[in-house]
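> Just a sequence and a predicted model for now, questions to come.
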Amino acid sequence: MAGTERSIDELYQDDPERADAAVFGRKTGVDRRGFLGGSGLAAMSAAVGGAIPFAANIPGGLIPAALAQEKAAPAKGPQYLKFPDKHEGLVVLGDRPLVAETPESLLDDDTTPTNKFFIRNNANAPDPAKDPDSWKLTIDGEVNQKLEITLGELKKRFRPVTRRLVLECGGNGRSFFTPTARGNQWTNGGAGCAEWTGVRLADVIRAAGLKGSAVFTGHYGIDGSLSDPNRPALSRGVPIRKAIDQNNLIVWAMNGEPLTNIHGGPVRLIIPGWPGSVSAKWLTRIWVRDKVHDGPGMGGTSYRVAIKPMIPGGKPDPNNFRDLESMPVRSIITSPANGTKLGADVRELNLRGAAWDGDLSIRRVDVSVDYGATWRPAQLQQAKNRYDWRRWTARVRVPSEGYYEIWTRATDQRGTMQPHVAGNWNPQGYGANPMHRIAVLIG
Ligand SMILES: Nc1nc2c(c(=O)[nH]1)N[C@H]1C(S)=C(S)[C@@H](COP(=O)(O)O)O[C@H]1N2
Ligand SMILES: [Mo]
């Protein structure tokens with residue numbers, strides 16, 4: 001089936017109307033030979049294995065969730081991660097450098113366990129530190145007093161706090177772009193929400209003292225780039241106004257355990273709400289700059305989105321980009337899993353999920369079982385602290401057996417809602433946050 005699904009994806013990219021005709025047989029006067037045997041809805045329902053009670057509502061040009069193969073998955077199917085102490089359900093998006101995502105259904109814990117947490121390396125991870133407490137950190141540049149401190153001293157000198165914070169890759173959702181954008185083809189699993197323990201970045205910056213000339217930070221880890229080990233794999237930063245936010249932490253523990261090497265141990269930054277790439281792992285230096293930082297991963301089209309919408313797939317105008325700062329609003333269904341089959345007599349589904357939104361907070365989450373014709377509110381759990389995600393639950397009824405899609409969409413404080421499809425296409429694929437859809441078969 002994988003081959004067929006890929007061609008459906010391609011056909012939807014090329015010509016959504018013709019693709020609809022091929023799948024559903026909706027239009028007359030177009031080639032109906034189709035991918036599903038040419039008899040329209042009957043073939044579609046045969047392919048999904050049941051009647052489609054809300055078939056009339058299926059929006060044109062949208063690949064049915066049951067057929068939408070993750071672009072992340074190579075033709076031979078998803079590759080599962082084999083890595084010490086990691087869950088075998090994580091999906092590998094790249095092996096050199098190692099990148100692995102967490103399928104939505106593995107994000108069903110209130111706090112994401114470390115073994116299920118996604119991995120994003122831009123180069124090879126360094127060897128584990130032998131003596132974590134002697135690890136050295138430097139804060140220099142536009143500061144009154146350069147600060148050189150070991151991790152051991154950092155733990156004693158500043159007040160430790162523990163917070164549950166979402167960490168999300170800037171490219172999360174990239175696979176939903178049409179045409180395909182360059183980079184790891186994340187679905188929604190380049191995100192997790194763990195308990196992080198460390199000290200406030202703001203306290204450490206204050207101890208060094210900012211000069212009036214301070215504009216930006218530049219973050220450094222010890223991992224060298226794959227092509228040139230003397231150059232950092234990645235070095236991004238944030239404007240000072242974000243750097244001094246009380247919610248940013250320099251952490252040494254994740255979920256109550258010493259930070260593991262793969263997640264940047266012994267010490268890393270967590271700058272919640274912004275692309276994960278500013279949360280440097282294996283942190284050695286914070287360089288306070290008198291201008292916008294220009295390390296690898298800054299400028300060009302890296303971690304940047306179009307200011308004026310560009311033609312999808314078109315040639316980028318270098319002047320039309322700005323850094324992606326706050327991550328967009330997103331919600332996911334974490335239970336049931338996509339593709340779940342339930343007994344013929346089931347009429348009620350208990351749904352669970354999560355929602356989060358960069359620097360803003362979530363106003364509401366709604367779910368639909370009829371392709372968005374009607375929506376019902378989900379019940380939101382309290383956040384533990386700022387930048388925590390909101391867990392949600394919902395109970396929905398379905399009228400009969402058959403094939404359903406469950407949709408979720410979150411709305412932020414300002415009323416901004418997740419779109420039906422990824423918008424504001426950009427060459428490296430940032431900011432894709434379409435509604436999450438899963439396929440469920442009853443009977
Ligand atoms: N030193 C260093 N820090 C890094 C990276 C890296 O490659 N090297 N990757 C960044 C990116 S792009 C992301 S999304 C997060 C991923 O953190 P994780 O692997 O702990 O999930 O770390 C960030 N910090
Ligand atoms: Mo990332």
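Perfect, I can see it now. As the structure is a prediction and not an experimental result, all values here were calculated from the model. Numbers count the residues shown, from 1 in each chain. Ligands and ions are numbered 1, 2, ... in the order given.
> any idea where the helices of the chain begin and end?
Remark: helices assigned in the chain by DSSP state H are 2-14, 16-24, 41-48, 151-157, 201-208, 240-243.
> how about those helices, which one is nearest ligand 1?
Nearest to ligand 1, of all the helices of the chain, is helix 201-208, at 14.4 Å by C-beta to the nearest ligand atom. C-beta here means a position set from N, CA and C on the backbone, and glycine is covered the same way.
> could you say what helices and strands that closest one packs with?
The elements that helix 201-208 packs onto, with contact taken as 3 or more C-beta pairs under 8 Å, 6 or more residues apart in numbering; DSSP states H and E, are strand 136-141, strand 147-150, helix 240-243, strand 249-254, strand 283-289.
> so what's the closest residue to ligand 2 within the stretch 151-300 of the chain up against?
Nearest residue of the stretch 151-300 of the chain to ligand 2: residue 169, at 3.3 Å (C-beta to the ion). By C-beta atoms under 8 Å, 6 or more residues apart in numbering, residue 169 lies in contact with 118, 120, 184, 186, 190-191, 275-277.
> Can you select the buried ones from those residues in PyMOL?
PyMOL command restricting the contacts of residue 169 to the buried ones, with burial defined by 16 or more other C-beta atoms under 10 Å:
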select buried, resi 118+120+184+186+190+191+275+276+277
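> Show me the contacts of residue 169 that map onto strands.
120, 191 (DSSP state E).
> circling back: what about the residue lying closest to the residue of the stretch 151-300 of the chain closest to ligand 2 once chain neighbours are set aside, distance to residue 221?
Among residues not flanking residue 169 along the chain, residue 190 sits closest, at 3.5 Å (C-beta to C-beta, 6 or more residues apart in numbering). Applying C-beta to C-beta, to the nearest Å, the value for residue 190 to residue 221 is 18 Å.
> what's the pLDDT at the residue most central in space within the chain?
What sits nearest the mean C-alpha location of the chain, by C-alpha atoms, centre = their mean, is residue 172, with 3.1 Å. You'll see residue 172 listed with a pLDDT of 98.
> Kindly report the same for residue 3.
pLDDT, residue 3: 45.
> And for residue 277?
With respect to pLDDT, residue 277 has a value of 98.
> again with residue 85
Residue 85 carries a pLDDT value of 97.
> what sits against the residue of the stretch 101-250 of the chain found nearest ligand 1?
Per C-beta to the nearest ligand atom, residue 221 is where the stretch 101-250 of the chain lies closest to ligand 1, at 2.5 Å. With contact set as C-beta under 8 Å, 6+ apart, residue 221 has these partners: 232-235, 264, 268, 280-284.
> Show only the entries of the residues you listed found in strands.
Filtering the contacts of residue 221 for strands - DSSP E - leaves 268, 283-284.
> These into JSON lines, with extra columns for neighbour count and pLDDT?
Formatted as JSON lines, the ones in strands among the contacts of residue 221 follow (neighbours: other C-beta atoms under 10 Å; pLDDT from 0 to 100):
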{"residue": "268", "neighbour count": "23", "pLDDT": "99"}
{"residue": "283", "neighbour count": "23", "pLDDT": "98"}
{"residue": "284", "neighbour count": "15", "pLDDT": "98"}
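> The residue nearest to the centre of the chain is in contact with residue 192, isn't it?
No: applying C-beta atoms under 8 Å as the test, residue 172 and residue 192 come out as separate, 10.4 Å apart.
> Which of the helices of the chain has the lowest mean pLDDT?
When I compare the helices of the chain, helix 2-14 is least confident, with a mean of 67.
> Show me what from the stretch 101-250 of the chain comes close to ligand 2.
Within the stretch 101-250 of the chain, the residues that sit near ligand 2 (C-beta under 5 Å from the ion) are 120, 169.
> what about 8 Å?
Residues of the stretch 101-250 of the chain that fall close to ligand 2, judged by C-beta under 8 Å from the ion: 120, 168-172, 190.
> when you check ligand 1, which of the contacts of residue 221 turn up near it?
Restricting those to those near ligand 1 by C-beta under 6 Å from any ligand atom leaves 233-234, 264, 280-282.
> top of these by neighbour count?
Most neighbours among those, by other C-beta atoms under 10 Å: residue 280, with 31 neighbours.
> Just give the nearest non-adjacent residue to it, would you?
residue 219 (3.8 Å).
> for residue 266, same thing?
residue 132 (3.5 Å).
> Now stretch 351-362: average pLDDT?
On average, stretch 351-362 scores 97.
> which residues touch whichever residue of the stretch 251-400 of the chain sits closest to ligand 1?
Per C-beta to the nearest ligand atom, residue 276 is where the stretch 251-400 of the chain lies closest to ligand 1, at 2.6 Å. Neighbouring residues of residue 276 by C-beta under 8 Å, 6+ apart: 120, 167-170, 190.
> on that earlier part again, how about the helices of the chain, which one is nearest residue 361?
helix 240-243 (16.7 Å; C-beta to C-beta).
> Show residues contacting that closest one.
201-202, 205, 210, 214-217, 237, 248, 271, 274, 288, 325.
> Now for the protein, the helix or strand with the poorest mean pLDDT.
helix 2-14 (a mean of 67; mean pLDDT, DSSP states H and E).
> how about the residues of the chain near ligand 1?
Proximity of the chain to ligand 1, by C-beta under 6 Å from any ligand atom, involves residues 117-122, 167, 169, 221, 223, 233-234, 263-264, 276-277, 279-282.
> Recalculate using a threshold of 8 Å.
Neighbours of ligand 1 within the chain, by C-beta under 8 Å from any ligand atom: 97, 117-123, 167-171, 190, 192, 219-223, 232-234, 262-264, 268-269, 275-283, 297.
> Quickly note the distance from residue 45 to residue 368.
Taking C-beta to C-beta, one finds residue 45 at 20 Å from residue 368.
> can you list the domains in the protein?
8-72, 114-323, 330-442 (automatic domain parsing).
> I'm done for today, thanks for sticking with me.
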